[in-house]
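*Asks:* Output the structure for:
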Amino acid sequence: MNDPIRFHRHGPVATITLDRPSRKNALDVPGWRQLHDTIRRVADSDARVVVVTGAGGDFCSGADVSASTGLPEPADRSHPLERMRWISEAVVALHALAKPVVAKVSGVAVGAGWNLALACDLVVSTPDARFSQIFARRGLSLDCGGSWLLPRLVGLQTAKRLAYLAEIISGTEAHRIGLVTRLADAAELDNVVDELAAELAAGPSIALAQNKILLHQSSRLSFSDAVRAENAAQAINFATDAPAAREVAKGERPRFAGGWRV
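*Replies:* Take a look at the predicted model:
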């Protein structure tokens, strides 16, 4: 059997591809565990940007609820909480990755698959992609971070609408309500993501990583605590990539190496 996760590195850009097209890239437990291992591998690399996508024209249809492979034997004695931990660890690791992460979405992104995309920093989608928090249709509640991500991205009322009604919405609608960063026609999707990834890779990697931390922790900090955290981050930038921006001639683009200058 082919690996359900493919990893490719092109210069500073690492691409993780979910590769079970016969299941619309739904991942069974071993697939989620391999995804988690791949994310950890990327975290330890010098890649500056990560792209997450799916094979065969779909992003991810979630967790493969029909699969039992990989569960401890006998399978029916494996505790559901343990199985959920194996699935959700990959999304937690992706959300915490200290690098810009772009989801490239076409076809379906539903359930845990949509929340995997939302755990990325930016989402580029085709207009006709199909998104759904499909859990309620299956007698389930939100998982893989949906209860945390949705209210922060679209507000509580819209989050409840998506969770309660399990609507299937288009990429165009997801973009309108703020769950897709950019739209791109199918023929242009690869080029748009490549250009975005190149722009991010050329940016100040340490400053971008600190932006991610600052934004993620902002909801649990007071204003004064957030400002103090910003000050500490800025002090690091003063001795990292900020000098490169000052040293180039006006109109030129600085080369941000991400190195410590002290």
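*Asks:* The protein: helices as residue ranges?
*Replies:* All helices of the chain, identified by DSSP state H, fall at 29-43, 80-96, 112-118, 146-154, 156-165, 171-176, 189-201, 205-217, 223-238, 242-247.
*Asks:* Which of these has the highest mean neighbour count?
*Replies:* Mean neighbours per residue, mean count of other CB atoms under 10 Å, is largest over the helices of the chain for helix 112-118, with a mean of 29. C-beta coordinates here come from the backbone N, C-alpha and C atoms, glycine included.
*Asks:* Which elements pack onto it?
*Replies:* Secondary structure elements in contact with helix 112-118, counted by 3 or more CB pairs under 8 Å, 6 or more residues apart in numbering; DSSP states H and E, are helix 80-96, strand 101-105, helix 146-154.
*Asks:* Direction included, what does the shortest one pair up with?
*Replies:* Strand 101-105 has its sheet partners listed here by DSSP bridges as strand 49-54 (parallel), strand 122-125 (parallel).
*Asks:* could you dump those to a markdown table with distance to Glu89?
*Replies:* Written out in a markdown table, the entries for those read as follows (distance: least, CB to CB, whole Å):
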| stretch | distance to Glu89 |
| --- | --- |
| strand 49-54 | 15 |
| strand 122-125 | 21 |
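*Asks:* just to revisit the earlier point, would you format the helices and strands packed on helix 112-118 as JSON lines with mean pLDDT and distance to Ala257 included?
*Replies:* Rendered in JSON lines, the data for the helices and strands packed on helix 112-118 read as follows (pLDDT from 0 to 100; distance: least, CB to CB, whole Å):
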{"stretch": "helix 80-96", "mean pLDDT": "92", "distance to Ala257": "24"}
{"stretch": "strand 101-105", "mean pLDDT": "98", "distance to Ala257": "21"}
{"stretch": "helix 146-154", "mean pLDDT": "97", "distance to Ala257": "33"}
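*Asks:* so which of these comes closest to Ala239?
*Replies:* Closest of these to Ala239 is helix 80-96, at 24.6 Å (criterion: CB to CB).
*Asks:* who does that closest one touch, helix- and strand-wise?
*Replies:* Right, helix 80-96 is packed against helix 29-43, helix 112-118 by 3+ CB pairs under 8 Å, 6+ apart.
*Asks:* follow-up on the earlier one: quick one, which of the strands paired with strand 101-105 gets closest to Ser222.
*Replies:* Shortest separation from Ser222 across these is recorded for strand 122-125, at 27.8 Å, computed as CB to CB.
*Asks:* so how far is that closest one off the chain centroid?
*Replies:* Between the centre of strand 122-125 and the centre of its host chain there is 9 Å, according to CA atoms, centre = their mean, to the nearest Å.
*Asks:* repeat for stretch 43-61
*Replies:* Relative to the centre of its chain, stretch 43-61 is centred 8 Å away, using CA atoms, centre = their mean.
*Asks:* again, but for stretch 91-107
*Replies:* The offset between the C-alpha centroid of stretch 91-107 and the centroid of the whole chain comes to 2 Å, using CA atoms, centre = their mean.
*Asks:* give me the low-pLDDT residue ranges for the stretch 101-250 of the chain?
*Replies:* Counting by pLDDT under 70, the stretch 101-250 of the chain contains low-confidence residues at 249.
*Asks:* Skipping adjacent residues, who's closest to Leu208 in space?
*Replies:* With CB to CB, 6 or more residues apart in numbering as the criterion, Leu208 has its nearest non-adjacent residue at 5.7 Å, and that residue is Pro100.
*Asks:* What residues does Asn115 make contact with?
*Replies:* Contacts for Asn115 were tallied using CB atoms under 8 Å, 6 or more residues apart in numbering; they are Val91, Gln133, Leu142, Asp143, Cys144, Gly145, Gly146, Leu149.
*Asks:* 6 Å instead, please
*Replies:* Asn115 sits next to Cys144, Gly145, Gly146 when contact means CB atoms under 6 Å, 6 or more residues apart in numbering.
*Asks:* Could I get the phi/psi values of the first one?
*Replies:* To tie it back to what came earlier, the one meant is Cys144. Listed backbone geometry of Cys144 is phi 50, psi 40, with angles given as degrees, to the nearest 10.
*Asks:* can you count the residues close to it?
*Replies:* With neighbours defined by other CB atoms under 10 Å, the count for Cys144 comes to 28.
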